[in-house]
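Undergrad: Have a look at this fold, sequence not included:
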């Protein structure tokens, strides 16, 4: 026996609902909303970081202070290493290489530690203290 025909109407398609109620979420609309959101976020972050920078110690419009370069004098004597002299350290504490005859070395005046000249000169560009005992080995000379 065949089934009786259905009298219930099928629901309208979604596109008809969108047209009826004016809901048109196209890709262009979503892109526009995303761009507006990003612009607002950018402005909020810009305002936040601007206020952080302005709250620094310098007043707005102040000229930056230019410091004169310091002249540093190393208080250490340069000598050519000779193993026969004795009484010296056996190796440079910076590079851990043994001293060899004829190498240029520096002996710190205050503490007496010895280093290769190239090693300690490079060290003293960053730090003004002996790498072993931390005593100050540089003096700032004011011109």
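TA: Nice, I can see it. Keep in mind the model is a prediction, meaning the values are calculated, not measured.
Undergrad: so what are the domain limits for the chain?
TA: 14-54, 71-141 (automatic domain parsing).
Undergrad: now the longest one: mean pLDDT?
TA: Across domain 71-141, the average pLDDT comes to 83.
Undergrad: follow-up on the earlier one: what's the most buried one of the domains of the chain?
TA: Among the domains of the chain, domain 71-141 has the highest mean neighbour count (mean count of other CB atoms under 10 Å), at a mean of 15. Just so you know, the C-beta spots here come from the backbone N, C-alpha and C atoms, and that holds for glycine as well.
Undergrad: which residues of the chain fall in helices?
TA: Here the chain has its helices, by DSSP state H, at 14-21, 27-54, 117-126.
Undergrad: Nearest approach to residue 139 belongs to which of those?
TA: When these are compared by CB to CB, helix 117-126 sits nearest residue 139, at 11.6 Å.
Undergrad: packing partners for that closest one?
TA: strand 71-74, strand 104-108 (3 or more CB pairs under 8 Å, 6 or more residues apart in numbering; DSSP states H and E).
Undergrad: between those strands, which gets nearest to residue 80?
TA: strand 104-108 (6.3 Å).
Undergrad: contact partners of the closest one?
TA: With CB atoms under 8 Å, 6 or more residues apart in numbering as the test, strand 104-108 has contacts from 74-81, 92, 99, 113-118, 120-121, 130, 135, 137.
Undergrad: Distance of residue 38 relative to residue 83?
TA: 70 Å (CB to CB, to the nearest Å).
Undergrad: Sorry, slip of the keys, the one I care about is residue 48.
TA: 64 Å.
Undergrad: Confirm for me that residue 92 is in contact with residue 117.
TA: No. Taking contacts as CB atoms under 8 Å, residue 92 lies outside contact range of residue 117: 9.7 Å.
Undergrad: Would you mind putting the helices and strands packed on helix 117-126 into a markdown table with distance to residue 33 alongside?
TA: Putting the helices and strands packed on helix 117-126 into a markdown table (distance: least, CB to CB, whole Å) gives the following:
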| stretch | distance to residue 33 |
| --- | --- |
| strand 71-74 | 60 |
| strand 104-108 | 68 |
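Undergrad: Which one of those strands lies nearest to residue 32?
TA: Across the helices and strands packed on helix 117-126, closest to residue 32 is strand 71-74 (CB to CB), at 60.8 Å.
Undergrad: With that, I have no additional questions.
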